[in-house]
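Engineer: What shape does this take:
(chains A, B, C and D)
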Protein chains: 4
Amino acid sequence: MSAKGVKIVTIGGGSSYTPELIEGFIKRYDELPVRELWLVDIPEGEEKLKIVGELARRMVKKAGVPLDIHLTLDRRRALEGADFVTTQFRVGGLQARAKDEQIPLKYGVIGQETNGPGGLFKGLRTIPVILDIIRDMKELCPDAWLINFTNPAGMVTEAVLRYSDHKKAVGLCNVPIGMRMGVAKLFNVDASRVHIDFAGLNHMVFGLNVYLDGNNIMDQLIDRLTNSDKAGMTMRNIADLGWEPDFLKGLKLLPCPYHRYYFQTSKMFEEELEAAKKVGTRAEVVQKLEEELFELYKDPNLNVKPPQLEKRGGAYYSDAACSLICSIYNDKRDIQTVNTQNNGAIASIPSESAVEVNCIITKEGPKPIAVGDLPVAVRGLVQQIKSFERVAAEAAVTGDYYTALLAMTINPLVPSDTIAKQILNEMLEAHKEYLPQFFKRTSV
Amino acid sequence: MSAKGVKIVTIGGGSSYTPELIEGFIKRYDELPVRELWLVDIPEGEEKLKIVGELARRMVKKAGVPLDIHLTLDRRRALEGADFVTTQFRVGGLQARAKDEQIPLKYGVIGQETNGPGGLFKGLRTIPVILDIIRDMKELCPDAWLINFTNPAGMVTEAVLRYSDHKKAVGLCNVPIGMRMGVAKLFNVDASRVHIDFAGLNHMVFGLNVYLDGNNIMDQLIDRLTNSDKAGMTMRNIADLGWEPDFLKGLKLLPCPYHRYYFQTSKMFEEELEAAKKVGTRAEVVQKLEEELFELYKDPNLNVKPPQLEKRGGAYYSDAACSLICSIYNDKRDIQTVNTQNNGAIASIPSESAVEVNCIITKEGPKPIAVGDLPVAVRGLVQQIKSFERVAAEAAVTGDYYTALLAMTINPLVPSDTIAKQILNEMLEAHKEYLPQFFKRTSV
Amino acid sequence: MSAKGVKIVTIGGGSSYTPELIEGFIKRYDELPVRELWLVDIPEGEEKLKIVGELARRMVKKAGVPLDIHLTLDRRRALEGADFVTTQFRVGGLQARAKDEQIPLKYGVIGQETNGPGGLFKGLRTIPVILDIIRDMKELCPDAWLINFTNPAGMVTEAVLRYSDHKKAVGLCNVPIGMRMGVAKLFNVDASRVHIDFAGLNHMVFGLNVYLDGNNIMDQLIDRLTNSDKAGMTMRNIADLGWEPDFLKGLKLLPCPYHRYYFQTSKMFEEELEAAKKVGTRAEVVQKLEEELFELYKDPNLNVKPPQLEKRGGAYYSDAACSLICSIYNDKRDIQTVNTQNNGAIASIPSESAVEVNCIITKEGPKPIAVGDLPVAVRGLVQQIKSFERVAAEAAVTGDYYTALLAMTINPLVPSDTIAKQILNEMLEAHKEYLPQFFKRTSV
Amino acid sequence: MSAKGVKIVTIGGGSSYTPELIEGFIKRYDELPVRELWLVDIPEGEEKLKIVGELARRMVKKAGVPLDIHLTLDRRRALEGADFVTTQFRVGGLQARAKDEQIPLKYGVIGQETNGPGGLFKGLRTIPVILDIIRDMKELCPDAWLINFTNPAGMVTEAVLRYSDHKKAVGLCNVPIGMRMGVAKLFNVDASRVHIDFAGLNHMVFGLNVYLDGNNIMDQLIDRLTNSDKAGMTMRNIADLGWEPDFLKGLKLLPCPYHRYYFQTSKMFEEELEAAKKVGTRAEVVQKLEEELFELYKDPNLNVKPPQLEKRGGAYYSDAACSLICSIYNDKRDIQTVNTQNNGAIASIPSESAVEVNCIITKEGPKPIAVGDLPVAVRGLVQQIKSFERVAAEAAVTGDYYTALLAMTINPLVPSDTIAKQILNEMLEAHKEYLPQFFKRTSV
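Structural biologist: Residues are numbered from 1 along each chain as shown, chains lettered A, B, ... in the order given. Alright, predicted model coming up:
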């Protein structure tokens, strides 16, 4: 790290999440002296970048920390000499998300941002951009860590591990921390007393064991989850469906909220369809929330993170990023749950693939804790999603139509090869602008 | 083998398939001198046993081979000193199959004999009986080989490998031989010129490479499969749906007919629903075919396998069994595709699990040919079915309700935990008579 | 843990190491409230038990902690309700060690306590006793942790994992902590600033990466190790031979002192032979040290650990044990290097085997950090020692002569099957009294 | 294959083994129509090439087969359009072999052509030449198969698999066929009745199971091997030392003759030392045999393979090569034991490494039969030799001194890092002419 303190670059800096990030850095200033924070965005995001950037400046001023906020549209200039690069952008914005959510629905298929056809297309749009950022990093800040929390974080991390030689890359998600908070709430205890052995993939992570004060409480937890019909283990952006109690009794694991897409496919589809009719897709809901947030952010008297942000759905995200950066910087060797190279930690997942697993966070990056094999009942599903992620990442890099169709068809939420092809064709056309790799051939 | 020649016991000997078996033994008599064939059945099957047994006797007489046909309801007496035991029974008969096919349909789920809820219940009924036969074999003919072609053959083989210590057990299926015949027909060549590298699980097997005269013809094969809308690669008992050509171009593998349940779930369900309305379920269709066959078998002038049997849907089944027995007996070291212990042949599938893979057939049993890892795109699905098979086998052995629900829910054809529970409950009740392991507790 | 505080049982309590253990418990009393410490020994050790027990009592009195010291020859009574059981005994005492060291020398083979024929025989004598203790524990304190630091700790842990169903067992060694101290000394820094990624087997552990303040210093370390002829990386009980600098440059790892037996076999043998002539075997040297220590311990005015104990060769041993117990008790989740079940942490070593590796220490025991595969150059040697440990453990449990000969012959320090047999025969006879499992047959 | 018949190129065609190769092709002419055989050699071998080439021509003339023998020093011209390339050359000739055998002896270390320091140096000299041939093949005959029987065949195959992208390469050895012949002789039966499950590495291969007429006879075999002091299982070029009977009883495997170097290191060394004094090294013995053979070959009346060739020590070598070529050409799918990519056949050996194992020989090359894990007792040694082979191959390709020293030191026959360095230095100097990769730096 340079003598003048830590330099952090946030790509997609105009995001509504940024105030949480700022708060995180302010809170940790003593152990993580961030001197420069570069918020980078694209021309279309310039206005939001300014609004959120001004708020950020008011926040650091109020907090009295000497953290310089830089706002820029020039990514390469920002990256020069960076120590950490965080990515939180959305290629195509909420309009693209809306398409990811709407198009599959027309074919009777779940439309969701990180799962199924929507997840595939978010990956196809995002991966080339991430690999492009990495190419810039190799040149301008080769020793910097990439902390990615752009979704689908698992597929993106897989692509980075397979298609770049930049090994200093970590994928981050707020699901594990949310599950831990949920358990704490359910038992009405402070979250610091709860530990969970997490293992799986991003949005496909299981709590293998859950501890309260070091004692395994899985049985009590399942009791609580199955006795209350509205258990605490839900994410704000997922419909609040309870689990079938007897299923959890057989499973003996803590599923994550996204598992509902796989173990409750039909229910989730119906809920989604209804919600789309009533309140619009999630993208539309978020669009409104964002607009409200930015109205708040504009207030020149606001100089702290507004509490309304927590409703946005990404709670703990930025905090998780700050916490990870802080542990790498200080070689803390504490346990955090991140997306990183498996390295044998989960048997049956290739050693070189990305997994989401508890790690020791060191100055050299995360080191995964070995969990052996996943329980038989979930091992297959996890591997199926890994197959999907790998084929999807290949399609994103090659722009090969057949590979994209293969990825779509093997996704467990897609009911047939023919429907896969229909959805693929419509979505390719809809997202054409952001998928140059698939259309380069037409120019020949 | 005893000096007086080979003794074979066929459990479920009253099956309509038996004449094919007899034909197979007659054809191979010179190299496989079967002196005693014991056809065993249960009291409910006694009449059919007699009919088919008499036909068998006429067949061997006509052929002039000194093969004694014994008909009995006493399984233990038959097993004494056996060299090979083949199993081709159906617990609960075609009525049970009809329930396996009908009940799931009511819940919008595919009803099929070896996949989804139907496959699960066929396994739950069959596995305890197979394990019981093995207990008898350990006592009465410990050196005998069990050649199982009772479905679901993969799940049954998995259960035998995990829950018995009789390692001389092989699962057999006619799908691989049918695929090879199909390719031969498509290229209009003799099947002996076609080789296929098979690997996967039962009813979940892929042709990794396809050779004609030793040359890999996968590309031409996919061309032919995708250019003709009615490709030859179908099984008589599966609706004749073509593959999406571009999907096969991405896949670059030869799928088996049963893969349609997974890659064309919605299409298969609709076809099935329509067929059920028009011609009844497959069980009902087979019921009629069987009745017609037994009428034929009764003809005292019939002394060969009637050609109508081939329409029955199990073509090559008995021939595959005879061929396997012959190669074990003669230590032939030829290549056959069977269900056996993986032993590392397919990476990512546990070494001790059952797989369906090309093997060298020796006197000590099948030795699998290593294929390394399955292609990424299908690896996950195969592992998911293996997860299902393992949890299902555990449920069959323990009779644990939660484990059965877990198996049902993780099956990729079942759309939610709640529907899983509804189907499970209705099917448990419907098959109560054949599932004592699940009802023992109520009697306590 | 019982309300009245932690109960610890130390088997081999009359050991000269015990004062270090006492010191460790006193030092940690605030976070690890040990209320009862039971020192257990066998009749032959009664006198030493009394001496060391009285010193222990004076130490706790001086420190003013309410820790009750119990001295007993009744192991079963001591075990009742224990929370932790530590084992530090030596079956056959130093006389047996002397034989382990002397007999191989006669055949031109290294005679050492934990490697080669000596290590094999120490294992053959120790493993049945450990398994016997575990049987008692299952009955009398089934929830207690076994913390074994009786050598050969790797082979013993392997045997416990394979031949008992008590999973709460950890093997402990002072080599990793010694290596860390050595590096700190070499760089003249406090040991807390040094981290090492340890992986391998007991007495066969490598430092894969060495960090100072989070920065990898392997290159500088190898420079220092190869530039000074008397590097700090040695254990007091191993002759002080330098490494061939160019070998370390190729290896790019930090070997442990015991690796000299394998990479410098001939040199080590010659050193040992010379030492045996001049000062006697290590057992004889230790015998004298022990006598001097017990003379000191008898002094009724002594009420602290005497500094002379540190010369004994087992520095950090007891401290490592206290530290481990403290982390388990408090669910500390810090990193310690222990012998535990691999669970995939080191690829190519079976998942169920014992390895020595960095672990997170939790209330549920150690969880290993995945290191992926060991570097190619050392992978084979580590696996060879694992082969040896497994065959040796099998011989210890079965008392099978051929298996013992197999273990002896495959040990890389033994130069031929014939010499293996000669050494085996002489050592079996020499240790007859402590190897009943090998002589039971003669009584039939 | 071209219409005009099979074209084979033999590099090192002037070898004394060539007549066996010719005999093999003549014998198989009906199924393997070799039309052109190009014998290639280097200028130093021109005279021998002519002598053996003329004999070859007389042999084919006598046999009446239309096989054209071409003699050339122009390797590239020979390779054009080849179907199979066999390699049987010796870089540096018998003089180099003599050094491989003599130099280690001076340091008290076994001097042998394919094991220990000698094997390492044969590999360092051979691998770059093989990789050079492959580069020519990629250009001139990219579809040709490389059948290598230049030793050390295992290390060479490992290097080809790792450092070239020509996957059509097989390593061949006569040890497995010799072991099979030996067993047949011991039981006085025809070799066709004996089958052995071979698995391991080249010159480190074990018979896991041995069958006579399909029945496992391992127990009887060990009885015979241990009752006779001069068992048949020896190779002509290895001293005839018996195994310790009780060791084989514990091992329960059939070791290969080269295992004596590892399980009888001291005995082998002494034998070798004595032989070197009495009759010279093996290279010197072979030198004389070769001279005698070439005298015979010169006889213009000789038109068959002279029986004296069989004493040369390489019996079955060329026959194995002909047999392999014949099975590939005809897609025979028979079982042969070759060196090929592991692909999971032997667990714990990396999937991409070379192993020696039973394979099905197809037109697409060898497909290994899965054996699962090797028995525990030998697993470690096999992996250690694999470690050595991999590091040695890396040294051969990079010419890195430290890597070469690492390879030498980790070889189990080398007793210390210091001796390793002494031998390395002397051998590097002695073979300087053939190791340009290690001396390129001096020219800078």
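Engineer: For residue A:277, grab the count of nearby residues.
Structural biologist: 8 (other CB atoms under 10 Å in any protein chain shown). C-beta here means a position set from N, CA and C on the backbone, and glycine is covered the same way.
Engineer: gap between it and residue A:271?
Structural biologist: According to CB to CB, to the nearest Å, residue A:277 stands 11 Å off from residue A:271.
Engineer: just residue A:356 next, same as before
Structural biologist: Taking CB to CB, one finds residue A:356 at 25 Å from residue A:271.
Engineer: what does residue A:280 give?
Structural biologist: Distance from residue A:280 to residue A:271, by CB to CB: 14 Å.
Engineer: Residue A:439 now?
Structural biologist: 35 Å.
Engineer: So between these two, which is more surrounded?
Structural biologist: residue A:271 (17 against 13).
Engineer: so which helix or strand takes in the more buried one?
Structural biologist: Using DSSP states H and E, residue A:271 sits in helix A:265-279.
Engineer: Alpha carbons of that helix, as PDB, please.
Structural biologist: Written as PDB, here are the backbone C-alpha positions of helix A:265-279 (Å, rounded to 0.1, in the frame of the first residue of the first chain):
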ATOM      1  CA  THR A 265     -40.200 -23.600  -8.200                       C
ATOM      2  CA  SER A 266     -43.900 -23.600  -8.900                       C
ATOM      3  CA  LYS A 267     -44.800 -21.600  -5.900                       C
ATOM      4  CA  MET A 268     -42.200 -19.000  -6.600                       C
ATOM      5  CA  PHE A 269     -43.300 -18.700 -10.200                       C
ATOM      6  CA  GLU A 270     -46.900 -18.100  -9.100                       C
ATOM      7  CA  GLU A 271     -45.900 -15.500  -6.500                       C
ATOM      8  CA  GLU A 272     -43.800 -13.700  -9.000                       C
ATOM      9  CA  LEU A 273     -46.500 -13.700 -11.700                       C
ATOM     10  CA  GLU A 274     -49.000 -12.200  -9.200                       C
ATOM     11  CA  ALA A 275     -46.500  -9.700  -7.900                       C
ATOM     12  CA  ALA A 276     -45.700  -8.600 -11.500                       C
ATOM     13  CA  LYS A 277     -49.400  -8.000 -12.100                       C
ATOM     14  CA  LYS A 278     -50.000  -6.100  -8.800                       C
ATOM     15  CA  VAL A 279     -46.800  -4.200  -8.100                       C
END
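Engineer: can you pull the buried residues of it?
Structural biologist: A:265, A:266, A:267, A:268, A:269, A:271, A:272, A:276 (16 or more other CB atoms under 10 Å in any protein chain shown).
Engineer: Can it be said to contact chain B?
Structural biologist: Yes: Helix A:265-279 is in contact with chain B by CB under 8 Å from any CB of the partner chain, via A:265, A:266, A:267.
Engineer: Against which helices or strands is that helix packed?
Structural biologist: With contacts defined as 3 or more CB pairs under 8 Å, 6 or more residues apart in numbering or on different chains; DSSP states H and E, helix A:265-279 has these neighbours: helix A:93-106, helix A:260-263.
Engineer: Chain C: which of the ones you listed is closest?
Structural biologist: Chain C lies closest to helix A:260-263 among the helices and strands packed on helix A:265-279, at 24.8 Å (CB to the nearest CB).
Engineer: which stretches of the stretch 201-350 of chain A form strands?
Structural biologist: Applying DSSP state E, counting those that start in this stretch to the stretch 201-350 of chain A gives strands spanning A:204-212, A:215-216, A:334-341.
Engineer: Make CSV out of those strands and add mean pLDDT.
Structural biologist: Output for the strands of the stretch 201-350 of chain A, formatted as CSV (pLDDT from 0 to 100):
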stretch, mean pLDDT
strand A:204-212, 97
strand A:215-216, 94
strand A:334-341, 97
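Engineer: Name the nearest residue to residue A:71, sequence neighbours excluded.
Structural biologist: What sits nearest to residue A:71 in space, not counting adjacent residues and going by CB to CB, 6 or more residues apart in numbering or on different chains, is residue A:53, at 4.1 Å.
Engineer: Before we move on, what's the pLDDT of that neighbour?
Structural biologist: At residue A:53, the model reports a pLDDT of 97.
Engineer: how close does it sit to residue A:305?
Structural biologist: Residue A:53 is 14 Å from residue A:305, by CB to CB.
Engineer: and the stretch 101-250 of chain A, which residues reach chain C?
Structural biologist: Counting by CB under 8 Å from any CB, the stretch 101-250 of chain A sits next to chain C at A:195, A:197, A:209, A:211, A:213, A:214, A:215, A:216.
Engineer: right, and the pair among these with maximum separation?
Structural biologist: Based on CB to CB, the longest span within those runs between A:197 and A:213 and measures 15.2 Å.
Engineer: I would like the residues contacting stretch A:72-82, please.
Structural biologist: For stretch A:72-82, the external contacting residues (CB atoms under 8 Å, 6 or more residues apart in numbering or on different chains) are A:2, A:7-9, A:11, A:38-43, A:46, A:49, A:70, A:85, A:133, A:136-137, A:140-141, A:144.
Engineer: again, only using 10 Å
Structural biologist: For stretch A:72-82, the external contacting residues (CB atoms under 10 Å, 6 or more residues apart in numbering or on different chains) are A:2, A:4, A:6-11, A:13-14, A:36-46, A:49, A:53, A:70-71, A:85, A:132-133, A:136-137, A:139-141, A:143-146.
Engineer: From those residues, list just the buried residues.
Structural biologist: For these, buried by 16+ other CB under 10 Å: A:6-11, A:13-14, A:36-42, A:45, A:49, A:53, A:71, A:85, A:133, A:136-137, A:140-141, A:144-146.
Engineer: Those in helices, which ones?
Structural biologist: A:49, A:53, A:133, A:136, A:137, A:140 (DSSP state H).
Engineer: What is the nearest of those to chain D?
Structural biologist: Looking across those and measuring by CB to the nearest CB, the closest to chain D is residue A:137, at 29.5 Å.
Engineer: Next, work out how far apart the closest one and residue C:95 are.
Structural biologist: 65 Å.
Engineer: before we move on, the earlier item: tabulate the helices and strands packed on helix A:265-279 in TSV, adding columns for mean neighbour count and mean pLDDT.
Structural biologist: Listed next are these as TSV, based on neighbours: other CB atoms under 10 Å in any protein chain shown; pLDDT from 0 to 100:
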stretch	mean neighbour count	mean pLDDT
helix A:93-106	20	94
helix A:260-263	24	96
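Engineer: Output the ones you listed as TSV; include the columns distance to residue C:435.
Structural biologist: Converted to TSV, the helices and strands packed on helix A:265-279 look like this (distance: least, CB to CB, whole Å):
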stretch	distance to residue C:435
helix A:93-106	70
helix A:260-263	56
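Engineer: Compare the ones you listed and give me the one nearest chain B.
Structural biologist: In terms of CB to the nearest CB, the element of the helices and strands packed on helix A:265-279 nearest to chain B is helix A:260-263, at 5.2 Å.
Engineer: roughly how far out does the closest one sit from the chain middle?
Structural biologist: Helix A:260-263 has its C-alpha centroid displaced from the chain centroid by 18 Å (CA atoms, centre = their mean, to the nearest Å).
Engineer: Alright, I will stop here.
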